[in-house]
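Enquirer: The following comprises the amino acid sequence and a computationally predicted model.
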Amino acid sequence: MPEDGLCRVAVLPFTNGSDFRDGGVLLYRVFTAELAGQQDFELSQEGDIRAAYRQVRVSPYFGRLTFDQLRIIGDYLNVDVLIVGHISEMEEKMIKGKSIPFMTISLELRDAQTGRTLSSVHHRRDGNDYLKVMHFGIVTTTTELSHLISKEIIGDLAAKGFVAQCSE
């Protein structure tokens, strides 16, 4: 990790393998906002990331990047870590008259210089996972579920020591 103790991180646009329109954009922006709340990271701006995608001549949100493309983007952005996300399932189901969101996401943290996978997380949740008592706690919107999943993933990464590595 960097000597100055602050990780320079780029969250790349999430690819969307689901039928949920703009699901990748939604979760990418929610996750980035949640990560921005962490004081141990310096995040690349979305406009800079889009410029990096233009540099390698690929479109964000569509298809996975090759190893070489990831390294070029990492060099262009001058970051330590690239976060790559993929949504395999995202939908809203009607259950007992309520819209219940469902989501499956995979995230990888990649070393921007070598492309090596530093950590990976796989999350699968639906709105009923947060039920507390009777119907209280049920998540009924995709955005709210995205916030909760993002917080859980960031917590998982902290538990794996990623946050500590960045603040050393």
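Expert: Happy to help now that I have it. Numbering: from 1, shown residues only.

Enquirer: Every contact and neighbour count from this point should use C-alpha atoms.
Expert: OK.

Enquirer: Number of residues surrounding Glu152?
Expert: In terms of burial, Glu152 registers 13 neighbours under the definition other C-alpha atoms under 10 Å.

Enquirer: ugh, wrong one, Ala33
Expert: 14.

Enquirer: So what's the gap between whichever strand or helix holds it and the chain middle?
Expert: Ala33 is part of helix 23-36, with elements assigned from DSSP states H and E. Per C-alpha atoms, centre = their mean, to the nearest Å, the displacement of helix 23-36 from the mean C-alpha position of its chain is 6 Å.

Enquirer: Show me which residues of it are buried.
Expert: Of the residues in helix 23-36, those buried under the neighbour-count criterion (16 or more other C-alpha atoms under 10 Å) are 23-25, 27-32, 35.

Enquirer: and those as JSON lines, adding pLDDT and distance to Glu46?
Expert: What follows is those, written out as JSON lines (pLDDT from 0 to 100; distance: C-alpha to C-alpha, whole Å):
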{"residue": "Gly23", "pLDDT": "90", "distance to Glu46": "17"}
{"residue": "Gly24", "pLDDT": "90", "distance to Glu46": "14"}
{"residue": "Val25", "pLDDT": "91", "distance to Glu46": "11"}
{"residue": "Leu27", "pLDDT": "94", "distance to Glu46": "14"}
{"residue": "Tyr28", "pLDDT": "94", "distance to Glu46": "10"}
{"residue": "Arg29", "pLDDT": "94", "distance to Glu46": "9"}
{"residue": "Val30", "pLDDT": "95", "distance to Glu46": "13"}
{"residue": "Phe31", "pLDDT": "95", "distance to Glu46": "13"}
{"residue": "Thr32", "pLDDT": "94", "distance to Glu46": "9"}
{"residue": "Leu35", "pLDDT": "91", "distance to Glu46": "13"}
